Each structure stands twice: as C-alpha cells, then as structure tokens.
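> below are the sequence and a predicted model; questions follow.
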Amino acid sequence: MTTTLTTFPTEAADRLRRGGLVGFPTETVYGLGADAFQPEAVKRIFEAKGRPADNPLIVHVRRREQIGQVAATIPAAAEPLLERFLPGPLTIILPRHPELPSVITAGLDTVGVRMPGLPLTQRFLAACDTPVPAPSANRSGRPSPTTWEAVQDDLGGRIDCILQGGQTEAGVESTVVDCTTEPVEVLRPGAVSVEALRDVLGAVRTESSTEASALRSPGTRHRHYAPAAEVRLVEDPSETEPGPKHAYIGLDAPAPPDAFGAVFVEPDLEAYAHDLFHVFRTCDEKGFEIIYAQTVPPTGLGRALNDRLRRAAAR
C-alpha cells in the first residue's frame, strides 16, 4: 500500500469516508482515524498498529451534536467539563450508544469522546462529517508521534493517508475522565491537569489502579510510549552513568554533560512534556542504548509526565 501525504483536510477526509485509515494531527499527538460506522475500517486500526483488541479507542467529534451519535446519555457531571474544556485535550468517558460498533469500545458499555481544539483537526473532522475513533498513530507500544514524519516512520505503507501538520503543541495525550462514576475519576492523566478539573468539579478521584478502571481507558493496560532504548528513571542527574551510548533528558543538567551521547535539558515542564516523545524517537535514530529521564514533582502537568515516563520505563 502507498501512503498518500497531503496538507488538505478535505483530501484526507475523502480517504477516510471511503473506508481508509488516516493519520492526522491534534493538539496533543497525531491520531490514526477511521469512520466510526465502518467497522471493518475500524478493525484495520488495530491491525495497522498491532494494537490489542481489548484496548478501546477514543472517538473524536467536531460538534457537540455528534456526541449523541456515540453516547447514549451525557451525565450531569460531564456538562461543566464540556463547557470548560472542549474543544481541547480532554477525553470524557460516557455511556456507549447502542448503535456504536462494539469494536471501538472493546465490548465495553462506555466510550471515550474527545473534541480536539487544533484548527487543522477541526477542519478535517468537519470534512469527515462523522465521528472518528482514533488512537495515537504509532506502532503499539512505541512513543506517540508528535510529527507527521514519525507517523510515516511507524505506519507508512500500512495506512492510506497522512494529513501533514507541524509538531504537536502539548506532546502528551489527552486527560481521560470517567463521568459514569461518582465522583468522576481520572483514568489517565494528561494535558488537562487534575487541579484544573477540581477547580470545575470539586471532588475528583485519582490514582485508581483497579482492573475495572484500567479497562475503561486507552493507554493504561499495556506497555506504552517506549523507545527501543532502555529508559531509566532518576530523581537527580547524579544518579546517572555517563556513556557515549547513553542519553539524558530532564530539567536539571547532568555533570559532565559532554560525557553523554546526547543531553536534553528542558527549561520547564511544558517544554519537557512537549519534547519527550520526540526525544525518545531521536535517541532511537541515533542508536542509544540507555535514556536517563528525570522525574518531576507530581503536580499539574508533572502528573501526566511522570505517568508517561513510568510506562516508558516498564519492562
């Protein structure tokens, strides 16, 4: 299969409506989408990524009215989140509409819904004129793609089209919030902080590790975000071992920095999160064997960043 590259949202949408798979940018990472109501096309997402069938997909919509096509109801707790954060990097778990193909939700009675805020994504979804289920556009387990080139590296020849945009803004995926529970529960930390959610809702449950909670969210039951290199987490740069095949990323510089093959010192949490997956892929391209990654205080965006680091380091 030849993968078409395009900068035109209407061309990418046409490929999707005809049953194709399309890689497209959002404000978080690039997604891999299909028409929600073409189940055979949706199945190809799992095949192209090598994604386990028990890992549900997030459905992307352009308009509030489309939520009714994929969700049976909108719980009261979801309303203030829709008003405050959408469009934006938040996924809301809702009761599944009975006519939504079960392949999208891995057979669950809930569905994750997201309304991206990136203007290019909005134009693409408007041209699709259908809900679009889409996980990250990478081979399963690999670092999420933040550029169209990364999508091409992982999935070129396996999907029909890539909508070319720039490097994504956030660099980490959307926050996933379950609105079918009381109080609402954060199933995956992401670009919207827990603190921001609590400002709107008050009570928000976090850090659940139950199997039932993990089932309801993508990106929580399987090893994710991992480069080929071994990722070792450190609290302080002094815990690292320099070497020509070793790299480092963090907020504080290691000493001596020139003893590493590469050093990426980030100015703040936002830059760290933005650059993380791109750095992982760069290190793979250069053949590094170990990447030392500094953990950060577990508040705000740091909660999501630490989550991605822990999953990348899992073996």
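That came through fine.

> quick check: closest non-adjacent residue to residue 264.
residue 249 (4.2 Å; CB to CB, 6 or more residues apart in numbering). Bear in mind the C-beta positions are built from the backbone N, C-alpha and C, glycine included.

> quick check: that neighbour is in a strand.
Yes - membership of residue 249 in a strand is supported by DSSP: H, G, I helix; E, B strand; the rest coil.

> bridged to it, which residues?
Beta-bridge pairing for residue 249 (DSSP bridges): residue 264, residue 293.

> residues contacting it?
263, 264, 265, 266, 272, 275, 276, 279, 291, 292, 293, 294 (CB atoms under 8 Å, 6 or more residues apart in numbering).

> the fourth one: neighbouring residues, count only.
Read it as residue 266. Neighbour count of residue 266, defined by other CB atoms under 10 Å: 19.

> in this structure it contacts residue 248, no?
No - applying CB atoms under 8 Å, one finds residue 266 not in contact with residue 248, separated by 10.9 Å.

> out of the contacts of residue 249, the closest to residue 203 would be?
residue 272 (29.2 Å; CB to CB).

> buried set for the helix or strand where residue 48 lies?
Using DSSP states H and E, residue 48 falls within helix 39-49. By neighbour count on 16 or more other CB atoms under 10 Å, the buried set for helix 39-49 is 41, 42, 44, 45, 46, 48, 49.

> tell me who's in contact with the first one.
This points to residue 41. For residue 41, the contacting residues are 19, 20, 21, 34, 35, by CB under 8 Å, 6+ apart.

> report the secondary structure state of the nearest residue to residue 90 once chain neighbours are set aside.
Distances taken as CB to CB, 6+ apart place residue 192 nearest to residue 90, at 4.8 Å, with adjacent residues excluded. Judged by three-state DSSP, the three-state class of residue 192 is coil.

> residue 91 versus residue 192, what's the distance?
9 Å (CB to CB, to the nearest Å).

> just to revisit the earlier point, which one of the contacts of residue 249 is nearest to residue 110?
Among the contacts of residue 249, and counting by CB to CB, the member closest to residue 110 is residue 276, at 28.6 Å.

> for that closest one, give me its contacts.
Counting by CB under 8 Å, 6+ apart, residue 276 has contacts 143, 171, 172, 249, 293, 305, 308, 309.

> from the residues you listed, which has minimum pLDDT?
Lowest pLDDT among those: residue 171, with 86.

> got the buried residues for the host helix or strand of residue 312?
Here residue 312 sits within helix 301-313, counting by DSSP H and E. Burial within helix 301-313, assessed by neighbour count using 16+ other CB under 10 Å, is assigned to 301, 302, 303, 304, 305, 306, 307, 308, 309, 311, 312, 313.

> same check on stretch 66-86?
Result for stretch 66-86 [16+ other CB under 10 Å]: buried residues 66-67, 69-71, 74-75, 77-78, 81-82, 85-86.

> likewise stretch 279-288?
Applying 16+ other CB under 10 Å to stretch 279-288 flags 279, 280, 281, 282, 283, 284, 288 as buried.

> cool, and stretch 184-204?
Those would be 184-194, 196-197, 201, 204, for stretch 184-204 by 16+ other CB under 10 Å.

> which residues touch residue 160?
Applying CB under 8 Å, 6+ apart to residue 160 gives the contacts 1, 3, 4, 15, 20, 21, 22.
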